[in-house]
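Q: Got a sequence here, can you build the structure:
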Amino acid sequence: EDFGLNMNKKKKNKKKSRHYPIANHVDREWASLSPPDMWANVKAEVKEYFDFDLNCDSSDSAVETYGLQKTSLLREICIKCGVQVLLREYNFDSKHRATFTEEDIINIFPIVKHVNPKATDAYHFFQS
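A: Predicted coordinates:
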């Protein structure tokens, strides 16, 4: 009987691996895109939103052309899009492995750019 109790304690004390799953109902269509398809979407979005032509064939050529750092680029994209990723050393140079996976995304939070302030006391005073 003591052996069974000790086994339960060992199981409880075992360190669990960190796993931060994204909700299953989240649209993951982007995850099935190939890198060239994703880059084509980025170029189209940049052209539509900023009216700027990215004359590069891939993100690697854009990094070289515009003198960007991949870590800084990831950080800025995450800040702008409201994505929080796991803090670790990402390998951007591997062509055979994905740089990060769904498990690296810890949190997604909304970005609020403009909030119209409303002074309730002044509004009520103005209305009366």
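
Q: where does the closest residue to Asn107 other than its chain neighbours land on pLDDT?
A: In space, and not counting its chain neighbours, Asn107 is closest to Gln84: 4.0 Å by C-beta to C-beta, 6 or more residues apart in numbering. Every C-beta, even on glycine, is put in place using the N, C-alpha and C of the backbone. pLDDT for Gln84: 94.

Q: Just say helix, strand or coil for Gln84.
A: Classification of Gln84 by DSSP: H, G, I helix; E, B strand; the rest coil places it in strand.

Q: Are we agreed that Leu87 is in a strand?
A: No - counting by three-state DSSP, Leu87 falls outside a strand, being coil.

Q: mind checking how far it is from Leu54?
A: 29 Å (C-beta to C-beta, to the nearest Å).

Q: From the neighbour counts alone, determine which of the two ranks first.
A: More crowded of Leu87 and Leu54, by other C-beta atoms under 10 Å: Leu54, with 18 against 8.

Q: which helices and strands sit right next to the longest helix along the chain?
A: Determined from DSSP state H, the single longest helix within the chain is helix 35-50. On a contact count with 3 or more C-beta pairs under 8 Å, 6 or more residues apart in numbering; DSSP states H and E, helix 35-50 meets helix 59-66.
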